[in-house]
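Enquirer: Output the structure for:
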Amino acid sequence: MKVLRGVHSGMLNKQIAFDLGIAEATVKAHMTALMRKLNVRNRTQVAIAAQALSLHA
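Expert: Numbers count the residues shown, from 1 in each chain. Got it, this is the predicted structure:
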């Protein structure tokens, strides 16, 4: 969820990694998992899906 919030905020993987104190490769792995779970193909679609989720939460 923290990675999803970072993407929604427009942060780069490097920035998300720094904020969370994890490796950039770990953020990339989480992004891959998010894309699979949300059934989307790119970072922009992840951000759009995050926006949709925040509206319904």
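
Enquirer: just the helices in the chain please.
Expert: Using DSSP state H, the helices found in the chain span residues 2-8, 13-20, 24-38, 43-56.

Enquirer: I'd like those as CSV, with mean neighbour count and mean pLDDT appended.
Expert: Backbone N, C-alpha and C define where each C-beta goes, glycine included. Shown next, in CSV, are the helices of the chain (neighbours: other C-beta atoms under 10 Å; pLDDT from 0 to 100):
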stretch, mean neighbour count, mean pLDDT
helix 2-8, 18, 92
helix 13-20, 16, 97
helix 24-38, 15, 96
helix 43-56, 13, 84
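
Enquirer: got the CA coordinates for stretch 17-36 in CSV?
Expert: The C-alpha coordinates for stretch 17-36 follow below in CSV (Å, rounded to 0.1, in the frame of the first residue of the first chain):
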residue,chain,number,x,y,z
ALA,A,17,12.7,3.4,-2.0
PHE,A,18,14.4,6.2,-0.1
ASP,A,19,11.3,7.2,1.8
LEU,A,20,10.6,3.6,2.8
GLY,A,21,14.2,2.7,3.5
ILE,A,22,14.2,-0.2,1.0
ALA,A,23,16.1,-1.0,-2.2
GLU,A,24,14.8,0.4,-5.5
ALA,A,25,14.8,-3.2,-6.8
THR,A,26,12.3,-4.0,-4.1
VAL,A,27,10.0,-1.1,-5.2
LYS,A,28,10.2,-2.5,-8.8
ALA,A,29,9.2,-5.9,-7.5
HIS,A,30,6.2,-4.4,-5.7
MET,A,31,5.3,-2.4,-8.8
THR,A,32,5.3,-5.7,-10.8
ALA,A,33,3.0,-7.3,-8.3
LEU,A,34,0.7,-4.3,-8.2
MET,A,35,0.4,-4.3,-12.0
ARG,A,36,-0.5,-8.0,-12.0
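
Enquirer: distance between that stretch and the chain's centre?
Expert: Relative to its chain's centre, stretch 17-36 lies at 7 Å (C-alpha atoms, centre = their mean, to the nearest Å).
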